[in-house]
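Visitor: Need the 3D shape of this:
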Amino acid sequence: MKKEIATKIKQMQAVGVGYRLIATKTGLKVDTVKKHCKHPTTGNRIQPPYLPISQSYLKQANSIWLLIYQVVKENCTSDYKGATPADDDPMEHLLRSRGL
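Guide: From the prediction side, this is the model:
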């Protein structure tokens, strides 16, 4: 296999393009593309790098949000009773009307 085609396959796989579409665009058989997309030592499918990056980002964003929430909660001197998204929730209205 030519180096250019191998590079093109790896680039397409990195952005999550499927085997069939890669085979169609490169003119190769699907089995050939599958063999090329396997990990050289384990034989498993190589995961696109964007999935772990996005999971890591979401984890960091969630932990930072929880940290901010905790600081605000600890430093709050009085309960806030204003317009929040929870005020538009029918379940919140029902629970508040029953004193829960």
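Visitor: quick one: the residue nearest the centre of the chain from Q60, how far?
Guide: Geometric centre of the chain, nearest residue: S54, 4.3 Å, by C-alpha atoms, centre = their mean. Computed with C-beta to C-beta, to the nearest Å, the distance linking S54 and Q60 is 11 Å. For the C-beta atoms, the positions are set from N, CA and C on the backbone; glycine is no exception.
Visitor: re earlier: in which helix or strand would I find the residue nearest to the centre of the chain?
Guide: Using DSSP states H and E, the element containing S54 is helix 50-75.
Visitor: per-residue pLDDT, C76?
Guide: pLDDT, C76: 74.
Visitor: oh, I was asking about I64
Guide: As predicted, I64 sits at a pLDDT of 91.
Visitor: ok, it - contacts?
Guide: Residues near I64 by C-beta atoms under 8 Å, 6 or more residues apart in numbering: none.
Visitor: could you measure it against Y57, distance?
Guide: 11 Å.
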